[in-house]
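>>> Give the three-dimensional model of this entry:
(2 chains)
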Amino acid sequence: EAQVTQNPRYLITVTGKKLTVTCSQNMNHEYMSWYRQDPGLGLRQIYYSMNVEVTDKGDVPEGYKVSRKEKRNFPLILESPSPNQTSLYFCASSLEAFNQPQHFGDGTRLSIL
Amino acid sequence: GENVEQHPSTLSVQEGDSAVIKCTYSDSASNYFPWYKQELGKRPQLIIDIRSNVGEKKDQRIAVTLNKTAKHFSLHITETQPEDSAVYFCAASRNEKLTFGTGTRLTIIP
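Got it, this is the predicted structure:
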């Protein structure tokens, strides 16, 4: 089944404790992206990747890192999480470029205490 | 950068009536405009999209119109059904970035 898989689905952690949210797609998509969803703000793009080893900042990249060492994986790293990063995070992928339908994962709800 | 405004933020319609959600964008170079539906607790899913070389696109009860001159696009849902209740997001894309609107919570009243 074609899908985007995120882990974990839920996480409660404390300020300053490094965490990684994994994202994997099995559709051989080139474009991958991370979004955060907050009430009243919609979905905001954090980072995106056009292909392996190619990543760039979205609209809200502060406090986040990403890597794209393999085509299928695009982890989101919070080096020193803070409470303002409490949010619902979605990973998405699309076939070739930005102007293709995005396939979203099921989301990861992060709570930073 | 791109700025997308979406209205209304909430919308209630009687079952069977039509619903219209409107979005405006700021970057005239944006050329791809998708609409996503997000049911409660679920991921966003694409319901329809339109590219800048097309003025209108229809898929059964759903249609999208694009006015490039005015830089706005709209989602039209006809003959609404209870399963249309969800949050709808518009988005605009130029180059590698995709910018979303803030969402419209649509409630269908039986």
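>>> quick one, phi psi at B:Asp84?
Dihedral pair for B:Asp84: phi -80, psi -10, per degrees, to the nearest 10.
>>> which residues does the residue nearest to it when sequence neighbours are not counted bridge with?
Of all residues not flanking B:Asp84 in the chain, B:Ile108 sits nearest, at 5.3 Å (C-beta to C-beta, 6 or more residues apart in numbering or on different chains). Any C-beta I mention is one placed from the backbone N, CA and C, and that applies to glycine too. Beta bridges link B:Ile108 to B:Val13 when assigned by DSSP bridges.
>>> What of A:Thr5?
Under the criterion used (DSSP bridges), A:Thr5 bridges to A:Ser24.
>>> is the worst-scoring helix or strand of chain B on mean pLDDT up against chain A anywhere?
One helix or strand of chain B scores below all others by mean pLDDT, DSSP states H and E: strand B:97-100, with a mean of 90. Yes. Strand B:97-100 reaches chain A (C-beta under 8 Å from any C-beta of the partner chain) through B:Lys97, B:Leu98, B:Thr99, B:Phe100.
>>> dump the residue contacts of the first one.
Put plainly, it is B:Lys97. By C-beta atoms under 8 Å, 6 or more residues apart in numbering or on different chains, B:Lys97 lies in contact with A:Gln45, A:Tyr48, A:Gly58, A:Asp59, A:Phe98, B:Gly1, B:Glu2.
>>> B:Thr99 is in contact with the first one, correct?
Read that as A:Gln45. Yes. Using C-beta atoms under 8 Å, A:Gln45 is in contact with B:Thr99, at 7.2 Å.
>>> Next to chain A, which bits of chain B? Give me the list.
So chain B meets chain A at B:1, B:6, B:31-32, B:34, B:36, B:42-46, B:49, B:51, B:89, B:91, B:93, B:95-103 (C-beta under 8 Å from any C-beta).
>>> just the buried members of these?
With burial judged by 16 or more other C-beta atoms under 10 Å in any protein chain shown, the buried subset of those is B:6, B:31-32, B:34, B:36, B:43-44, B:46, B:49, B:89, B:91, B:93, B:96-103.
>>> Number of residues surrounding A:Met27?
By other C-beta atoms under 10 Å in any protein chain shown, 13 other residues sit near A:Met27.
>>> If you drop the residues flanking it in sequence, what lies closest to it?
A:Ala2 is the one closest to A:Met27 (C-beta to C-beta, 6+ apart), at 4.9 Å.
>>> so how many other residues sit close to the nearest residue to A:Gln3 once chain neighbours are set aside?
Computed as C-beta to C-beta, 6+ apart, the closest residue to A:Gln3 that is not its neighbour in sequence is A:Asn26, at 6.3 Å. Look at A:Asn26: counted by other C-beta under 10 Å, it has 12 neighbours.
>>> Which residue does chain A have closest to chain B?
A:Asn99 (3.6 Å; C-beta to the nearest C-beta).
>>> Now do the contacts for that residue.
A:Asn99 touches B:Asn31, B:Tyr32, B:Arg51, B:Ser93, counting by C-beta under 8 Å, 6+ apart.
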